Every structure is written in C-alpha cells, then in structure tokens.
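>>> what follows is a predicted structure for the sequence shown.
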Amino acid sequence: MSSDDVLLGLGLVLALAVGAQMLAARLRLPAIVVLLPAGLLAGTATHVVQPDDLLGQLYQPFVGIAVGIILFEAGLRLSFGEIEGHVRKVVARLIGLGGLVTWALVTVTVLVLFDGLGNRVPLLIGAILVVTGPTVVLPLLAFVRPARGVRSALTWEGVLIDPFGALLGVIVFHLVLSGQQGGPYWRPGQMIVSLAAGAAVGVLGAVILWFAVRETQHSAPRQTVPVVLALVVGALVAADLVRDDAGFVATTVMGMVLANQRRIDISSMLEFQATLVQMLIGVLFILISASVSLSDLKAVLPEALGLVAVMVLLIRPLAVALSTLGSDLSVRERAFIAWMAPRGIVAGATASAFSLALGDAGVEGAERILPIVFVVIFSTVVLYGLTAAPVARLLGIAGEAGTLVLVVGGSATARAVAESLASAGVRVRMWVGRDEDQAAARAAGLEADHGRLLVDAVSREVELEEVTDALLLTPNHDFNALAAAQLRDELGHGHVVRIAPDPEDADLLPPAGDEAILASEDLTFAELSRRLAEGGRLVDEHGDGALPLFAVGDGGALRVATAKEPLQVRPGERTIALAG
C-alpha cells in the first residue's frame, strides 16, 4: 500500500465508524447492526480498507489495546453496591458454570454441524463464543430498562465474562497450537495463574492510578483522561508481558477497584464512554468485519445459522437454568436473562487474532473461525437487539416507555407545574431538596428525591436513564443555567428548559444561544410564583389572555413552549396554560 492508500483507508475507517453509529442512533438500532455490514461492504468494495495491509503488524496489538480500554471503562460501571447478594451468586454461576456449559455445548454443536474443522478448532470456537460482551448488552439494557436484579446480573456477566472468555480462548488457542506442533495438549493451572497475574497487576495499577488521578484533579484536571489512558495501557501491556492476555483481566479489575472507592470522583474518567470508547468500538467493528470476505461467509452460512439457533434456543436457556437454580429471581426474570446473550467485540477480536495465527501454523479449518464467529455476532446482535424490548414487555419486566419529565425544584410553584403535567398524563419525577418539600410532593402523588446532578457520573446516568425532558424551576437562576448546561449533555439540546432569569438577580452571564426559556422571557420564577399565589391557575384549556406552557399528546408525549418557539397546538393534544 502507498502512503496515499493508507491515508485514504484510515480516513474511510474513521468515517464509517462514526457515520454508522450516528445512523444507528437515528434508527434506534444497536450500533453493531450497522457497523458490521458497513465494514463488510468496505472490505469487499475497496482495496484500502484491508486491516492486515492497512495496519500490518500493528493490527493485532491495536485490537488488544482497544479492547483493554473498553473493558476498563466497563469495569468503571461495576459497583458492588448495586449488586444484591443473591444476584452475586447468580453472576458467579453464569460466568463459571454457565461459561463451561456454553463452551462444551458450542464445541459439540460445531463438531456436529461443520466438516473439515478437525477436533481442535471446534474447541477454540466454543471458547471464543463463551463471551457475551458489554458493548452490546449495556446499550440494550439501557433501552429496555428491566428490573434491577436482571439488569445487575446481565451487566456484571457481560463485563466479567469478557476477560474470562478471552483467557479461556488464549489457553485453548495454545492447546490447539501445541497439539499441532506435537506438544502437550494441556498444562493444568494456566487459567488460574493468568487470572491471578492479571488481577494482581490490575489492583496495583488501580492503586497507582488512584494516586495519579487524585494529583491531576488537584493540579491539572484537564490531564486526568490522558493520565488514565496511559496507565490503563501500561497495565494492559505489563500484564500481557507476564501472561498472555492477562491484560484484559488487569484493565477490568482496575475499573472495578476505582468504581468501588469513594475518595476520588471518577466522572472525568467516564469521558471514555462519550469519546474514546465509542470511537474504538466503531473502529474495531469496522476493521474486524472488513477482514471477512463474502465468499468466506457463504461457505459457512447455513451451518453457522444452525449454530446460532442451537445457541439461542438450547444452550443459553440451559446455561441460565443451571446458573439460576435456587436463586430469588422470578421465572420471568430468568426467562429474560436466558433471552439475552449477544456476542460482541471481544469475540470478534479474539477470532480475528487466533484465526490468523493458526492459519500461519497450518491448523486445519483455521480460515473458517472468523467467518463463523462473524455470523454468530451479527445474528445474535440483530436477534436480541430487535426482540429484547418486546420480550421484556411480554414478560412484564420492562421499564416504562415514553416521556418522563424531570422537574428540578421543590417549591410550591415547581410542585404546581409537576402536578399539572401529571394530571395531563405525563410521567413526572422531581428533584427536591428539603425534606418537607419532598413530603409535600409525595403527598401529591409525585415521585420525589434529592437530585443527583453533582454525585458520581454512574449514579447520575442511572437516575437519568428513563428521563426524556427536564424543567428547571428553582428560584436560583444561576443554578438553573448551570444545571441546564449539564443536563443537556445527558438529555440533548431541546429537551432541557429553564424558567426565565431575572436579569437583576443573576450573577452569571447566560450562555450564548440559550433559547430554551419556558414560555416567555417575562415569565421569571418570581412572576410565575406571584401569579399562582394571586389565584392564577394551570388549566388544560386556554382562552384569551392565557399563556400556553405545554402541549401533551398521546401516551404523555410532551412539547414545551419556549420564548423562541411558541406552541402551535396540534389536533388531539391537550394544552396546559397559565390563566389569571
């Protein structure tokens, strides 16, 4: 490849990685559903998106480092406080017993369905397909919002099974390779040693990272993310030098240790999710799928689809049934866990690395590993991605869908707005400070609690997961402006509206282009409170002189009047207006 070809190839990979994720978000689909076909098409239609030629010897090390960073970020979301005792036992069984059952039965199925793979390659495919993958599971859980126990079990399984499965894959890979070269097939204790080495490096790395982050947060806060990135990669490399692929364990443990301490704020580390991790996920899926040819897929497609059917309908339900035996999970919760095992980036990355190495060693059937795994990844993601929400609703464990408005403020004025929305059929949650205001809100039938705007980022994400819109109705105009800027990063522009500030009371200049002011620039908190105190009412219909505030459609869908965009009420909508 010429330097121009490399430049064009890298540009295409980056453009496809970002563009496919944006399209998936627009279509409300798991990103991998768009990323895999995009990468496959790019690899087939162009000569520049060819990973081995494009990156050469850097390809596999890049994949390993990228997966390690992704697992670190996933580990940051594993707080022991969120996992109940009975769920902890379920997770341990899903990883241990469930992983071994999955490995054994996938291996047998591959042996039965495929010819020409020999006796060793099916063992490796079974090990590769043990993993489920947080890059796919976590977005699906965020969309479905199942019961807490189910969510916790699937989250922990999805994150922890990745390093476990990767180590299992490495051990089986060496088993296959040593068998090909006439060496011993198995050396007992390899996995235990690798797990211990990775965990030790991870704990040591977490301690070093803790001190480094504490220092940067005091003296150079903008350097926190680069410091985290450097130390995570350093731990990954160090662990891998000690034991092959122990780095995945190390980075996961680093994330878990930091997630379960309370001395430093890890919010800045979670910038990975919004920036680097999403970019790496997109690039990895594009590169891995580009390394698969259409002819290779056609050669394995019927048998691979049969493997998917057996995994989905038999192996996963059996593994979950054995792993949840005697647990406190209901039958419906167990059924949903059994219907949630998409494969993700670690399966693709390990398949890509192992198939190339075994092919160079002359192992029979090595060239078919990646196409088989590719079909399983794509099929399971599409299947579970399209059916997870309907199945959760059918089983009665899905969170409520539709609009949920967060009203920030505990005053009688904020409570009156919240009550008017609730009476119109809108789901409402309140962030309220004082205990007496919380009690008054709950007495009115409203969900109310302290706000989580300034707590750790993970707790805030969970709190805001169902929230679609926010109304900032506190008497402190500066707080409203700052909270609006923060919440827009979580909910998106156009979904956060604040009460108009009184220019004489505000200490801070408003942000440029701030158009999300409720109803009118003249309707300040003091003005709204005065009008309500003097007999004004929030009514469903408005006549002359009434000020429209909200329009409520079917299912509680909400549109808010702003100073820049007054309401144009549509047929079938109810209007909430300020009269008097």
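Okay, I see it. Numbering: from 1, shown residues only.

>>> and stretch 228-239, average pLDDT?
Confidence over stretch 228-239 (mean pLDDT, whole number) is 92.

>>> can you tell me how far residue 204 is from residue 257?
Computed with C-beta to C-beta, to the nearest Å, the distance linking residue 204 and residue 257 is 10 Å. From N, CA and C alone the C-beta is placed, and that goes for glycine too.

>>> then residue 24?
Here residue 24 is placed at a distance of 32 Å from residue 257 (C-beta to C-beta).

>>> figure out how far stretch 251-266 is from the centre of its chain.
Centroid displacement of stretch 251-266 relative to its chain, using C-alpha atoms, centre = their mean, to the nearest Å, is 18 Å.

>>> sorry, slip of the keys, the one I care about is stretch 121-133.
Centroid displacement of stretch 121-133 relative to its chain, using C-alpha atoms, centre = their mean, is 23 Å.

>>> C-alpha coordinates for that stretch, PDB please?
Only the C-alpha atoms of stretch 121-133 are listed here, as PDB (Å, rounded to 0.1, in the frame of the first residue of the first chain):
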ATOM      1  CA  VAL A 121     -10.700 -25.800  16.100                       C
ATOM      2  CA  PRO A 122     -14.300 -26.500  17.400                       C
ATOM      3  CA  LEU A 123     -12.800 -26.300  21.000                       C
ATOM      4  CA  LEU A 124     -11.500 -22.900  20.200                       C
ATOM      5  CA  ILE A 125     -14.700 -21.600  18.600                       C
ATOM      6  CA  GLY A 126     -16.600 -22.800  21.700                       C
ATOM      7  CA  ALA A 127     -14.200 -20.900  23.900                       C
ATOM      8  CA  ILE A 128     -14.500 -17.700  21.800                       C
ATOM      9  CA  LEU A 129     -18.300 -17.800  21.900                       C
ATOM     10  CA  VAL A 130     -18.400 -18.000  25.700                       C
ATOM     11  CA  VAL A 131     -18.300 -14.200  25.900                       C
ATOM     12  CA  THR A 132     -21.400 -12.000  25.600                       C
ATOM     13  CA  GLY A 133     -19.900  -8.600  25.600                       C
END
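
>>> and the residue nearest to residue 46 when sequence neighbours are not counted, how many neighbours does it have?
Nearest-residue entry for residue 46: residue 12, 6.9 Å, with adjacent residues in sequence omitted and distances by C-beta to C-beta, 6 or more residues apart in numbering. Under the neighbour criterion other C-beta atoms under 10 Å, residue 12 is assigned a count of 18.

>>> contacts only, for the nearest residue to residue 121 once chain neighbours are set aside.
Among residues not flanking residue 121 along the chain, residue 365 sits closest, at 4.2 Å (C-beta to C-beta, 6+ apart). When contacts are counted by C-beta atoms under 8 Å, 6 or more residues apart in numbering, residue 365 touches 114, 116, 117, 118, 121.

>>> can you check residue 356 too?
If a contact means C-beta under 8 Å, 6+ apart, then residue 356 has 52, 60 as its contacts.

>>> which of the residues in the helix or strand hosting it are buried?
For residue 356, the enclosing helix or strand under DSSP states H and E is helix 345-360. Of the residues in helix 345-360, those with enough neighbours to count as buried (16 or more other C-beta atoms under 10 Å) are 345-356, 358.

>>> residue contacts, the residue nearest to residue 46?
Taking C-beta under 8 Å, 6+ apart, we find residue 12 in contact with 42, 46, 48, 49.

>>> pull the distance from stretch 279-289 to the chain's centre.
How far stretch 279-289 lies from its chain's middle: 16 Å, per C-alpha atoms, centre = their mean.

>>> ugh, typo on my part, it should be stretch 214-232
Between the centre of stretch 214-232 and the centre of its chain there are 23 Å (C-alpha atoms, centre = their mean).

>>> next, the buried residues of it.
Neighbour-count burial for stretch 214-232, with 16+ other C-beta under 10 Å as criterion, is recorded at 216, 223, 224, 225, 227, 228, 229, 231, 232.

>>> following the lowest-mean-pLDDT helix or strand in the chain, which helix or strand shows up next?
In the chain, the helix or strand scored least confidently by mean pLDDT, DSSP states H and E is helix 457-463, which has a mean of 60. Later in the chain than helix 457-463, the nearest helix or strand by DSSP H and E is strand 469-472.

>>> so where do the helices sit in the stretch 301-450 of the chain?
Remark: helices assigned in the stretch 301-450 of the chain by DSSP state H, counting those that start in this stretch are 316-323, 331-338, 345-360, 369-395, 412-423, 435-443.

>>> show me how far stretch 62-71 is from its chain's centre.
Counting by C-alpha atoms, centre = their mean, stretch 62-71 comes out at 16 Å from the chain centroid.

>>> what does it rub up against?
Among residues not part of stretch 62-71, those counted as contacts by C-beta under 8 Å, 6+ apart are 55, 134-135, 159, 162-163, 166, 229, 232-233, 236-237, 240, 245, 247-248, 250-252, 255, 272, 276-277, 280-281, 283-284, 287-288, 345-346, 349, 352-353.

>>> specify which member of the buried residues of helix 345-360 is nearest to residue 482.
Sorting the buried residues of helix 345-360 by how near they are to residue 482, with C-beta to C-beta, puts residue 345 at the top with 36.3 Å.

>>> buried sites along the strand or helix carrying residue 299?
Per DSSP H and E: residue 299 is located in helix 294-310. Counting neighbours by 16+ other C-beta under 10 Å, one finds that the buried residues in helix 294-310 are 296, 297, 300, 303, 304, 307, 308, 310.

>>> quick one: contacts for the second one?
Going back to what we said before, that points to residue 297. So, once contact is read as C-beta under 8 Å, 6+ apart, residue 297 ends up touching 40, 371, 374, 375.

>>> between the helix of greatest length in the chain and helix 345-360, how big is the angle?
Ranked by residue count under DSSP state H, the longest helix found in the chain is helix 148-180. Between helix 148-180 and helix 345-360, the angle comes out at 10 degrees (axes from the mean of the first three to the mean of the last three C-alpha atoms, to 10 degrees).

>>> so what's the gap between helix 148-180 and the chain middle?
Its chain's C-alpha centre lies 19 Å from the corresponding centre of helix 148-180 when counted by C-alpha atoms, centre = their mean.

>>> would you map out the domains in the protein?
3-185+251-259+268-395, 404-579 (automatic domain parsing).

>>> output the ones you listed in a markdown table; the columns should cover distance to residue 212.
Below are the domains of the chain laid out as a markdown table (distance: least, C-beta to C-beta, whole Å):
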| stretch | distance to residue 212 |
| --- | --- |
| domain 3-185+251-259+268-395 | 11 |
| domain 404-579 | 19 |
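
>>> looking at those, which is buried most?
Each of the domains of the chain was scored by mean neighbour count; the highest is domain 3-185+251-259+268-395, a mean of 20, by mean count of other C-beta atoms under 10 Å.

>>> tell me the span between the first and last residue of that one.
Using C-alpha to C-alpha, to the nearest Å, the gap from the first to the last residue of domain 3-185+251-259+268-395 comes to 55 Å.

>>> how close does residue 491 get to residue 466?
Counting by C-beta to C-beta, the gap between residue 491 and residue 466 amounts to 11 Å.

>>> what's the overlap in contacts for these two?
In terms of C-beta under 8 Å, 6+ apart, residue 491 and residue 466 are not both contacted by any residue.

>>> that older thread, quick one, grab the pLDDT at the residue nearest to residue 46.
Predicted confidence (pLDDT) for residue 12: 93.

>>> roughly how far out does the helix or strand containing it sit from the chain middle?
Using DSSP H and E, residue 12 sits in helix 3-27. If you compare the mean C-alpha spot of helix 3-27 with that of the full chain, they lie 21 Å apart, counting by C-alpha atoms, centre = their mean.

>>> weakest of the domains of the chain by average pLDDT?
domain 404-579 (a mean of 80).

>>> end to end, how far does that one reach?
End-to-end distance for domain 404-579: 25 Å, by C-alpha to C-alpha.

>>> so residue 282 sits against residue 20, correct?
Yes - under the contact definition of C-beta atoms under 8 Å, residue 282 touches residue 20, with a separation of 6.5 Å.
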